[in-house]
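Q: pasting the structure only:
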């Protein structure tokens, strides 16, 4: 599949934003701290910016609102509806923290639940597609949820360290989520690499009973929408190299840096290490999301010799 930059930015930014919103909703950051007030702004900005970025992939972005009407059957529509609904408790929590230095339990927990459901809906846009076998697995939503938790914990740790707040809980959560997320992602990659194709040229054409089916001539002389959007290819050696980079930058380096934050506490060094951990994780996630699309094979490519 063609790795569209707008979708890569959307899934990365919104995951970080919802993860941070969940950390705030659980009351893991002191609402009296200026850094926590800023964290609410950052969470809403990441979520809103990510959603706006996703509309750039549409042919007519001004008609994006129409997607909200198909929530009964479309995971994309459910994601949009849940994103709007979730903004309500998130904004209430942000108002209470910013203007009254208070943590509100009910809006906080509703925000956590809404963030989790919205990220799940985002993941199901891809996991529900039977035509892309690599995505059609329960590991896809699991990875999305765990990565959101990892990114949110790292961002929460950064704001806690910057405000002189309590960092050990968020540091331990960051390490736990990073370990769980990358364990799930490695399992996802093994599943993708070892799966037997459900759709083959033989099954797609219905000629399998006659023997092996080979492409004689492409359906189109020039590239079209299908070949450009669903026929993207990345060399195996490059994919393996990028997978290692995503694991190192998105998992191993942040985990080591978080251990440094635990050792240094809420100090200038701790803030610097936490900031580097967030930056490294973001780079790893952008790489991971690029590969998520680039390595996916759509069944329609059976008709194009893919």
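A: Now that the structure is in, tell me what you want to look at. Quick caveat: nothing in here was measured; it's all calculated off a predicted structure.
Q: okay, CA-based contacts and neighbour counts for the rest of this
A: Noted.
Q: quick one, phi/psi of residue 254?
A: The phi and psi values for residue 254, taken as degrees, to the nearest 10, are phi -60, psi -40.
Q: Let me know the pLDDT of it.
A: With respect to pLDDT, residue 254 scores 97.
Q: Relative to residue 125, how far out is the closest residue in space to it that isn't next to it in sequence?
A: Spatial nearest neighbour of residue 254, excluding adjacent residues (Cα to Cα, 6 or more residues apart in numbering): residue 277 at 4.3 Å. Residue 277 sits 29 Å away from residue 125, going by Cα to Cα, to the nearest Å.
Q: shaky segments in the stretch 101-250 of the chain?
A: 198, 200-205, 208, 215-222, 224-232, 235-236 (pLDDT under 70).
Q: rewinding a little: list the contacts of the residue nearest to residue 254.
A: Counting by Cα atoms under 8 Å, 6 or more residues apart in numbering, residue 277 touches 154, 253-255, 257-258.
Q: let's see 7 Å
A: Contacts here follow Cα atoms under 7 Å, 6 or more residues apart in numbering; on that basis residue 277 touches 253-254, 257-258.
Q: and the two most separated of those residues?
A: Greatest spacing in the contacts of residue 277, by Cα to Cα: 253 and 258 (8.6 Å).
Q: what's the helix or strand for the closest residue to residue 44 other than its chain neighbours?
A: Leaving aside its sequence neighbours, residue 44 sits nearest to residue 17 (Cα to Cα, 6+ apart; 6.7 Å). Applying DSSP states H and E as the criterion places residue 17 in helix 5-25.
Q: Looking at that helix now, give me its mean pLDDT.
A: 92.
Q: what does the helix or strand just after that helix rub up against?
A: Moving toward the C-terminus from helix 5-25, the next helix or strand (DSSP H and E) is helix 34-55. Applying Cα under 7 Å, 6+ apart, the external contacts of helix 34-55 come out as 6-7, 9-11, 13-14, 17-18, 20-21, 29-31, 61, 64, 94, 97-98, 159, 162-163.
Q: Could you check how many residues crowd around the residue nearest to residue 44?
A: By other Cα atoms under 10 Å, 30 other residues sit near residue 17.
Q: in stretch 101-121, what counts as buried?
A: Residues 101-104, 107-112, 114-121 are the ones in stretch 101-121 that count as buried (16 or more other Cα atoms under 10 Å).
Q: Which of those residues fall in strands?
A: Using DSSP state E, no member of the buried residues of stretch 101-121 sits in strands.
Q: Please flag which of those residues sit within helices.
A: Within the buried residues of stretch 101-121, residues falling in helices by DSSP state H are 107-112, 114-121.
Q: Dump those to JSON lines, plus distance to residue 43.
A: Below are those laid out as JSON lines (distance: Cα to Cα, whole Å):
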{"residue": "107", "distance to residue 43": "15"}
{"residue": "108", "distance to residue 43": "13"}
{"residue": "109", "distance to residue 43": "15"}
{"residue": "110", "distance to residue 43": "15"}
{"residue": "111", "distance to residue 43": "12"}
{"residue": "112", "distance to residue 43": "12"}
{"residue": "114", "distance to residue 43": "14"}
{"residue": "115", "distance to residue 43": "11"}
{"residue": "116", "distance to residue 43": "14"}
{"residue": "117", "distance to residue 43": "16"}
{"residue": "118", "distance to residue 43": "14"}
{"residue": "119", "distance to residue 43": "14"}
{"residue": "120", "distance to residue 43": "18"}
{"residue": "121", "distance to residue 43": "19"}
